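Participant: Would you be able to build a 3D model of this:
(chains A and B)
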Amino acid sequence: MFAYLVRRLFLMLVTLFGISIVIFFLLRIVPGNIVDILFAAAGYVDPADKANLEKELGIDQPLVVQYLHWIGGFLRGDFGYSYVSEKPALQEILPRIPITARLAGLALLFSASIGIPLGVISAVKQGTKLDYGLRVVSLSGLSLPSFWLGLLILTASVAMFGQMPIFNPNPQTWLEAFATYAVPAAAVGFRSAALTMRITRSSMLEVLRQDYIRTARAKGASDAAVNYHHALKNAILPVITVIGIEAAFLIGGLIVTETVFNIPGVARFLVEAIRWRDYPIVQNLVMFIAVVVVFANFTVDMLYAVFDPRIRFTD
Amino acid sequence: MRSVWALAAMAALSVLTTSTTTLAGEPKQGGILRMYHRDSPGNASIHEGATYSLNVPFMPVFNNLVIYKQDVAQNSMDTIVPELAESWAWVNDNKTLTFKLRQGVKWHDGKPFTSADVKCTFDMLMGKSQQKFRQNPRKAWYNEVNDVTTNGDLEVSFNLKRPQPSLLALLASGYTPVYPCHVSPAEMRTHPIGTGPFKFVEFKANESIKLTRNPDYWRKGRPYLDGIEFTIIPNRSTAILAFVAGKFDMTFPTEVSIPLLKDVKSQDPTAVCVVEPNNVSTNIIVNSTAPPFDNADVRRAMALALDRKAFVDILFEGQADIGGTMEPAPAGLWAMPKDMLQSIPGYGPDVKANREEAKKLMQKAGYGPDKHLAVKVSTRNIPVYRDPAVILIDQLKSIYIDGELDVVETANWFPKVARKDYMLGLNLTGNAVDDPDQSFYENYSCGSERNYTNYCNKEIEKLFDVQSQETDINKRKKLVWEIDKKLQEDVARPIIFHARTGTCWKPYVKGVTVMSNSSYNGYRYEDVWMDK
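Facilitator: Prediction:
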């Protein structure tokens, strides 16, 4: 297990190094830089002013020098300055991370707490009206884009109650915090919940057909014990995998949800930074997301071992 | 008896209404004006910006030497009032403009305002000082200024190469605040210091901008508001819903499109909404240095093919204006008379006849029913650019031109145009001041950085200077009409229409004036108050 862990950690470092190169060079391939955008906003360009500004920002340097400068700073914990706000990149990024993390966490919690039980119910009640109903719900969750769902929620709340959930940056109580994040988390988590529900259902159906389930029933185990102790425990592995993958893909949904609900999180900030070609923000933020995703995958692999004792990482 | 009660009730009601009106008419102190903002501005420095995303939130931080009256919708020479200057005078054969400055004005950090601040602001704008702006988009406004000189702490003079009456109009623009000498341009981008009615508190990119009342403002009793908070909401649907739901007191100025205005009024009938022109023209830019538009016949045919009314009807439900370079009347002060406008090829009411003429020109250029001209119509990837571009493509079909839409990200739009890497472009031109000097020199003079099409006509350029020096307004107007007509006939940058847009606020917000011939000059907010 220890050797496996060391190897995995080494591979993670190699992956992150590769990602850093891809992030850096992909961003440079995109046409236009911050100076072009600033001058586009001003509606003119003076070649001398442009050259001065490029020099001031260091984007006149060869790409390799720029990369080494960035990655060296990243490793030292020096994340540079935002080209747009001229504030330290870390100062811009850090306050936004908890907002998105809470939103993502709640969305995943929503996804798991709704998707898994409903998936189990759907499987156990296979072929009933309840099963069909839940399958329609899960299908709609996969079909409705989160931006549409978000706008629908907002429009409905304004039309029906004359009110609109608006982001509260400083919730004082748990209740306020929940009220702030619950609706957007539900909007973004609905798709994940639907996916989780479908995977749980199909995985459960497969397990419920196994001999050992029949044996458990023959031994007189209760339905609850069979479904939750024997079946779900064995059906959960693909579900965990899906939730892990969803955690990584959630960022896409969060960008839309943060835009629709006007939440000043890191996902929307990233899109804005890309629009401005604010390299220090984009590079460091994407790198941070890469670190999170790589660690999420690692955690999922570790969870496999926890949930399935047959899996041994000994080599 | 019943009628007596009814009369009494009506009388009581009318007394109540009258007293309420009287009370409502008295400005009240206090309250934070909550407004959404359409976009996160790149920085907070007005002198380095060219979008009203920047003017709207930061204009309240500053003062100019002079300013257009903030409670009059139409900017004109007659509505210019003193601000940091107490008075002004033209001397030396109209070649020197001297300002007497207000005494006792302090910057928001407590330092005194003096004539040195005026000098260093304009020296920087003219590129004469050590410190430089990162960007200086309106440098050309001061081409005729030789230098700015001070006479003691309270007098400053602009010495001109030749008379230029419009200088006063340019100085009255929201784009012309006076900056403090003791604060660097870099600091002004992140933490602006002004002398204005509101102090800068905080700017969180993509999140919010907060201003607070300046208790030491030189204009006693102003501002009425305790502060202004802008919440940045780029998603227009979310922003409008939030306004309807009462989360905001006001929409971002001129940001409610005509179709959206209906939604706002149906969902919030109490909202006060105004529709005004904003001196932004939608126009065509043509790369006349490369085929096929290096052929004047093709350019003229394209101009003749335009059905401007169709654009106005489709995009604005009829609520937009047709004109030349200068904003159409009655909001615009320099617009050609209607009969003169209609004498320009392509502006006449008979679109069919215009297109027949256009077809002949296209055939002369070698195109026809069997040989269509394929062009790429480039435009920015935002609806106000994209939507008219689609209609343009449809209209060009009628004269054997097959257009293909080429949407360009904002980041690449200007570099693409600057390197002439386009055939035909659909463009928007916003004018900061309704004055020919601003529009002509900026967009049509040879070598100007904002003359995207590199249009250069030395004869017309001479006329630019003649009108610029003319002090008789009526004579100047006639010259301006003549120039505008020639610009359209030359297909320099064919103007399709001038937009109109809406602004809404809650009924308790008082003292808002939306400028009708500028999008850049009406955001001091010192007279705005809330009746609640």
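
Participant: Now do the residue lying closest to residue B:101 once chain neighbours are set aside against residue A:60, distance only.
Facilitator: Nearest residue to residue B:101, sequence neighbours excluded (Cβ to Cβ, 6 or more residues apart in numbering or on different chains): residue B:154, at 4.4 Å. C-betas here are computed from N, CA, C, even on glycine. Distance from residue B:154 to residue A:60, counting by Cβ to Cβ, to the nearest Å: 45 Å.

Participant: shouldn't residue B:134 be in contact with residue A:49?
Facilitator: Yes - Residue B:134 lies in contact with residue A:49 (Cβ atoms under 8 Å); the separation is 7.1 Å.

Participant: re the thing from before, return the residues in contact with the residue nearest to residue B:101.
Facilitator: B:100, B:101, B:102, B:103, B:114, B:115 (Cβ atoms under 8 Å, 6 or more residues apart in numbering or on different chains).

Participant: among those residues, which two are most distant?
Facilitator: Greatest spacing in these, by Cβ to Cβ: B:100 and B:114 (12.8 Å).

Participant: Look up phi and psi at residue B:500.
Facilitator: Here the main-chain torsion angles of residue B:500 (degrees, to the nearest 10) amount to phi -130, psi 150.

Participant: Contacts only, for it.
Facilitator: By Cβ under 8 Å, 6+ apart, the contact list for residue B:500 reads B:258, B:275, B:276, B:277, B:278, B:316, B:319, B:320, B:321.

Participant: Point me to the residue of the stretch 201-350 of chain B nearest chain A.
Facilitator: Of all residues in the stretch 201-350 of chain B, residue B:245 sits closest to chain A, at 3.8 Å by Cβ to the nearest Cβ.

Participant: Now that residue: closest residue in space, sequence neighbours ignored.
Facilitator: Nearest non-adjacent residue to residue B:245, counting by Cβ to Cβ, 6+ apart: residue A:164, 3.8 Å away.

Participant: and the one you found, what helix or strand is that in?
Facilitator: Using DSSP states H and E, residue A:164 falls within no helix or strand.

Participant: What is the neighbour count of it?
Facilitator: 21 (other Cβ atoms under 10 Å in any protein chain shown).

Participant: That one contacts residue A:157, correct?
Facilitator: Yes - here residue A:164 reaches residue A:157: they are 5.7 Å apart, a contact under Cβ under 8 Å.

Participant: Quick check: neighbours shared by those two?
Facilitator: Common neighbours of residue A:164 and residue A:157 (Cβ under 8 Å, 6+ apart) are residue B:245.

Participant: C-terminal to the lowest-mean-pLDDT helix or strand in chain B, what's the next element?
Facilitator: Ranking every helix and strand in chain B by mean pLDDT, DSSP states H and E puts helix B:2-25 at the bottom, with a mean of 45. Next helix or strand after helix B:2-25 toward the C-terminus (DSSP H and E): strand B:32-37.

Participant: What is the neighbour count of residue 158?
Facilitator: You didn't pick a chain, so chain A it is. Counted with other Cβ under 10 Å, residues neighbouring residue A:158 total 22.

Participant: was after chain B, sorry
Facilitator: 26.

Participant: wait, is it part of a strand?
Facilitator: Yes - assessed by DSSP: H, G, I helix; E, B strand; the rest coil, residue B:158 belongs to a strand.

Participant: Local confidence estimate at it?
Facilitator: pLDDT, residue B:158: 98.

Participant: was I right about it contacting residue B:125?
Facilitator: No - with contact defined as Cβ under 8 Å, residue B:158 does not reach residue B:125; the gap is 11.3 Å.

Participant: Which residue, neighbours along the chain excluded, lies closest to residue B:329?
Facilitator: residue B:335 is the one closest to residue B:329 (Cβ to Cβ, 6+ apart), at 4.3 Å.

Participant: pretty sure the one you found is touching residue B:326, no?
Facilitator: Yes - shown here, residue B:335 and residue B:326 form a contact pair, counting by Cβ under 8 Å, at 5.3 Å.

Participant: More neighbours: which of these two?
Facilitator: Taking other Cβ under 10 Å, residue B:335 and residue B:326 do not tie; residue B:326 has more neighbours (28 against 25).

Participant: Surely that one is within a strand?
Facilitator: No - Residue B:326: not assigned to a strand; according to three-state DSSP it is coil.

Participant: What about the residue nearest to residue B:245? Give its phi and psi, please.
Facilitator: Here is the backbone geometry of residue A:164 (degrees, to the nearest 10): phi -140, psi 130.

Participant: and the gap between it and residue B:414?
Facilitator: Relative to residue B:414, and taking Cβ to Cβ, residue A:164 is found at 36 Å.

Participant: what do you get for residue A:166?
Facilitator: From residue A:166 to residue B:414 the distance is 35 Å (Cβ to Cβ).

Participant: neighbour count winner among these two?
Facilitator: Neighbours per residue, other Cβ under 10 Å: of residue A:166 and residue B:414, the larger number sits with residue B:414, 24 against 17.

Participant: Next, that one: secondary structure please.
Facilitator: Here residue B:414 is recorded as helix under three-state DSSP.

Participant: Which pLDDT value goes with it?
Facilitator: 78.

Participant: my read: it touches residue A:43, true?
Facilitator: Yes - the pair residue B:414 / residue A:43 is scored as a contact, 7.1 Å apart, by Cβ under 8 Å.

Participant: With just CA atoms, put stretch A:173-186 into PDB.
Facilitator: Once non-C-alpha atoms are left out, stretch A:173-186 reads as follows in PDB (Å, rounded to 0.1, in the frame of the first residue of the first chain):
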ATOM      1  CA  THR A 173     -26.200  31.900  10.700                       C
ATOM      2  CA  TRP A 174     -26.200  28.400   9.300                       C
ATOM      3  CA  LEU A 175     -29.700  29.000   8.100                       C
ATOM      4  CA  GLU A 176     -28.700  32.100   6.200                       C
ATOM      5  CA  ALA A 177     -25.800  30.300   4.700                       C
ATOM      6  CA  PHE A 178     -28.100  27.400   3.600                       C
ATOM      7  CA  ALA A 179     -30.600  29.900   2.200                       C
ATOM      8  CA  THR A 180     -27.800  31.500   0.200                       C
ATOM      9  CA  TYR A 181     -26.400  28.400  -1.300                       C
ATOM     10  CA  ALA A 182     -29.300  25.900  -1.400                       C
ATOM     11  CA  VAL A 183     -31.200  27.100  -4.500                       C
ATOM     12  CA  PRO A 184     -28.100  27.500  -6.800                       C
ATOM     13  CA  ALA A 185     -26.600  24.200  -5.400                       C
ATOM     14  CA  ALA A 186     -29.900  22.500  -6.200                       C
END
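
Participant: how about that stretch: buried residues?
Facilitator: A:180, A:181, A:183, A:184, A:185, A:186 (16 or more other Cβ atoms under 10 Å in any protein chain shown).

Participant: quick one: which of those residues is nearest to chain B?
Facilitator: Checking the buried residues of stretch A:173-186 against chain B by Cβ to the nearest Cβ gives residue A:184 as the nearest, at 11.3 Å.

Participant: can you tell me which residues contact the residue in the stretch 101-250 of chain A positioned nearest to chain B?
Facilitator: Residue of the stretch 101-250 of chain A nearest chain B, by Cβ to the nearest Cβ: residue A:164 (3.8 Å). By Cβ under 8 Å, 6+ apart, residue A:164 lies in contact with A:154, A:157, A:158, B:241, B:242, B:245, B:247.

Participant: Looking at these, which one is closest to residue A:220?
Facilitator: Comparing those against residue A:220 with Cβ to Cβ places residue A:157 closest, at 50.3 Å.

Participant: phi, psi of that closest one?
Facilitator: Residue torsions, per degrees, to the nearest 10, at residue A:157 are phi -70, psi -30.

Participant: How about the contacts made by the closest residue to residue B:153 other than its chain neighbours?
Facilitator: Closest residue to residue B:153 apart from its sequence neighbours, by Cβ to Cβ, 6+ apart: residue B:114 at 4.2 Å. Shown in contact with residue B:114 (Cβ under 8 Å, 6+ apart): B:101, B:153, B:154.

Participant: Before we move on, what's the pLDDT of residue B:114?
Facilitator: pLDDT at residue B:114 comes out at 98.
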